[in-house]
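Asks: Provided below for reference: sequence and predicted model.
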Amino acid sequence: MSQKVLVMGASLNPDRYSNKAIIKLKEFGHTIFAFGI
């Protein structure tokens, strides 16, 4: 089941955990809202 997820402090930097979290959440089919880019 897909859920909507807000990632606070999102970053385009691939070394940041927020970026890694976004990638993993997308892989599992979640809808992502990235805030802070």
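Replies: Perfect, I can see it now. Residues are numbered from 1 along each chain as shown.

Asks: quick one: low-confidence ranges for the protein?
Replies: Residues of the chain that meet the criterion pLDDT under 70 lie in 37.

Asks: go with 50
Replies: Along the chain, segments meeting pLDDT under 50 are nowhere present.

Asks: Not counting sequence-adjacent ones, nearest residue to Ser2?
Replies: Gly29 (4.9 Å; Cβ to Cβ, 6 or more residues apart in numbering). Heads up, the C-betas are built off the backbone N, CA and C, glycines and all.

Asks: mind listing the helices for the protein?
Replies: For the chain, the helices defined by DSSP state H occupy 17-27.

Asks: Quick test: name the residue nearest the centre of it.
Replies: The chain has Ile22 as the residue nearest its centroid, 2.1 Å off, counting by Cα atoms, centre = their mean.

Asks: if I pick that one, what's in contact with it?
Replies: 7, 10, 32, 34 (Cβ atoms under 8 Å, 6 or more residues apart in numbering).

Asks: Would you check which pair of those lies furthest apart?
Replies: Largest separation among the contacts of Ile22 by Cβ to Cβ: Ala10 and Ile32, giving 8.5 Å.

Asks: neighbour count winner among the two?
Replies: The neighbour count for Ala10 versus Ile32, taken as other Cβ atoms under 10 Å, is higher for Ala10 (18 against 15).

Asks: contacting residues for the nearest residue to that one once chain neighbours are set aside?
Replies: Among residues not flanking Ala10 along the chain, Ala34 sits closest, at 3.5 Å (Cβ to Cβ, 6+ apart). Applying Cβ under 8 Å, 6+ apart to Ala34 gives the contacts 7, 10, 18, 22.

Asks: Lovely, talk soon.
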